[in-house]
Structure formats: structure tokens, C-alpha cells
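Asks: starting from these lines, generate the structure:
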Amino acid sequence: MEFIIFLSKLDKEILELLGKANYIVEENKKECLINKEIKGLYNIKENKIIICTENAKRKTNFKVLKHNSNKDNFKTEKAIRKALRHEATHVIQKCNGNKTVGEIKDLETKLHKSKRRALEISTSKFAGSYAKEIEAYILEDKPRKVKEMLKSYCL
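Replies: Numbers count the residues shown, from 1 in each chain. Have a look, this model is predicted:
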């Protein structure tokens, strides 16, 4: 799976924890072709996360370089890491009785403006609940918290 090269050590630990919790992580499946805007998705029925690496690369202007430094493609790296953490948050929510794990009150005010459009897409085109999506968008920037919550709720 190509997306692994973009992950940090901490994100690789999240990936490993997902496996231990009996979740499958796949890459570039047909769902990614159906909607080229998404970088990741969670299939609750199949306990599966799909990372849309090709979509993320296209949306972040990934370039193949001779020296192939991650610094040259930091936007792609960041997008893929956030996609994994976002979808892992939905796994955590499922492990918590299919509900949010934190206090939702005032969470929307913590959501960066750039994520509000993505929130609209997530809640209108997909089955995500508003509160769960807000929580996932906030936690995609908190890998340590995602890791600890996976351990607490799913293992």
C-alpha cells in the first residue's frame, strides 16, 4: 500500500492498532473513483477504511521527484495522515456504541474554516452525523489522542 510511505511513526502505530481491532485498511478502491474529492472513507458495515491515495495526490499536486523528498510533497503527506486519523476516529466512535466520544458542545467553534466545506460534503453526501463528523475533523489533527482513544475504546 503506497499510502504507508506518507505516514509518520505515530500514524503507523494507529494503522497497527486498527488491525489489532480487526479493521481492514485498503487503498484506492472503486469508492475513490466514484467521488474523486474524497481522501478516505469508512465502511461501517465491513469494518473497513479506504484511503484514496490517488485522490489525495491529485488534490495536493503530488510530484514524482528524483530525490523524492517528503518535504517536496508535504501537502500530500498531511492529507493522507489526516484521512487515516479522520477515519480512525469513526472507528473509535463505532467502538463507543456508534456515538461521539467527547463533549460535542462548542466543538464547531474549534473547527477551522477550511474544514467547514468538507464538513458540509461529509454530512450531505455521506451518512455521517454532524456531531461525529465535527469530532473526526477535530481529531484528525491530534494523532496522539486518536492513538490513545483507539486503545481505550477498541482494544
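Asks: now do the buried residues in the biggest helix by length in the chain.
Replies: Scanning the chain for the helix with the most residues, using DSSP state H, yields helix 74-95. By neighbour count on 16 or more other Cβ atoms under 10 Å, the buried set for helix 74-95 is 76-77, 79-95. All C-beta spots, glycine's among them, are computed from the backbone N, C-alpha and C.
Asks: quick check: mean pLDDT of that helix?
Replies: Averaging pLDDT along helix 74-95 gives 96.
Asks: now for it, which elements pack on it?
Replies: Packed against helix 74-95 by the contact rule (3 or more Cβ pairs under 8 Å, 6 or more residues apart in numbering; DSSP states H and E) you find helix 9-20, strand 40-43, strand 48-51, helix 53-59, helix 130-139, helix 143-154.
Asks: and if we set it to 6 Å?
Replies: helix 9-20, strand 40-43, helix 53-59, helix 130-139, helix 143-154 (3 or more Cβ pairs under 6 Å, 6 or more residues apart in numbering; DSSP states H and E).
Asks: now these as JSON lines including mean neighbour count and mean pLDDT?
Replies: Formatted as JSON lines, these follow (neighbours: other Cβ atoms under 10 Å; pLDDT from 0 to 100):
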{"stretch": "helix 9-20", "mean neighbour count": "16", "mean pLDDT": "98"}
{"stretch": "strand 40-43", "mean neighbour count": "22", "mean pLDDT": "94"}
{"stretch": "helix 53-59", "mean neighbour count": "20", "mean pLDDT": "96"}
{"stretch": "helix 130-139", "mean neighbour count": "22", "mean pLDDT": "86"}
{"stretch": "helix 143-154", "mean neighbour count": "17", "mean pLDDT": "97"}
